[in-house]
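Trainee: Show me how the following folds:
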Amino acid sequence: MITYTSDLSTVTAEHLTGFFVGWPNAPRPETLLRLLQGSYRVVLALEGERVVGFANAVSDGVLSAYVPLLEVLPEYQGRGVGSQIVRRLARDLSHLYMVDVLCDEDVVPFYERLGLRRATGVMLRNYERQSGE
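Mentor: The predicted model follows:
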């Protein structure tokens, strides 16, 4: 049974393995834990103590937030886990004017099904720093 929480108090780096499939320079579990701990809001999907999915938001806490990551372990994809994470995170951020997600074109329909609207954006990426190290 999948449960959802924002509580990171019992999560360790060992609970955060298997994410970032296909990334050429993925963050290590220890880096991911630091990233989640430093976030404005986090939603975790758990099966027992195992983290099977997560999303995080960074925010000014007043007007805007950005959702940089949504990750679901491959064996849990297609089961509604990512949708539930996004819905819960959107609810947690509903007091803000704007919540932005910058994503690859192939996942835009996923977010549109959840009520987000397509927008134009720009980005700057330093792929040498993709791991967060």
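Trainee: make it CA atoms for all contacts and neighbour counts henceforth
Mentor: OK.
Trainee: Could you find the closest non-adjacent residue to the most centrally placed residue in the chain?
Mentor: The chain has residue 55 as the residue nearest its centroid, 2.1 Å off, counting by CA atoms, centre = their mean. Spatial nearest neighbour of residue 55, chain neighbours left out: residue 70 (4.3 Å); criterion: CA to CA, 6 or more residues apart in numbering.
Trainee: which SSE is the residue nearest to the centre of the chain in?
Mentor: Assigned by DSSP states H and E, residue 55 falls within strand 50-59.
Trainee: Can you pull out the residues in contact with that strand?
Mentor: The set of residues external to strand 50-59 that reach it, using CA atoms under 8 Å, 6 or more residues apart in numbering, is 15-16, 36, 39-46, 65-73, 76, 81-82, 85-86, 89.
Trainee: From these, list just the buried residues.
Mentor: Burial of the contacts of strand 50-59 was assessed by neighbour count (16 or more other CA atoms under 10 Å); the buried members are 15-16, 36, 40-46, 65-67, 70-73, 81-82, 85-86, 89.
Trainee: can you pull the contacts of residue 65?
Mentor: If a contact means CA under 8 Å, 6+ apart, then residue 65 has 57-59, 93, 96, 98-100 as its contacts.
Trainee: so which of these is the most crowded?
Mentor: residue 57 (25 neighbours; other CA atoms under 10 Å).
Trainee: Quick one: the strands in the protein, in order.
Mentor: Remark: strands of the chain, listed N- to C-terminal, are 2-5, 41-47, 50-59, 64-72, 98-100; assignment by DSSP state E.
Trainee: Check which helices and strands the second one is in contact with.
Mentor: Judged by 3 or more CA pairs under 8 Å, 6 or more residues apart in numbering; DSSP states H and E, strand 41-47 is in contact with strand 2-5, strand 50-59, helix 81-92.
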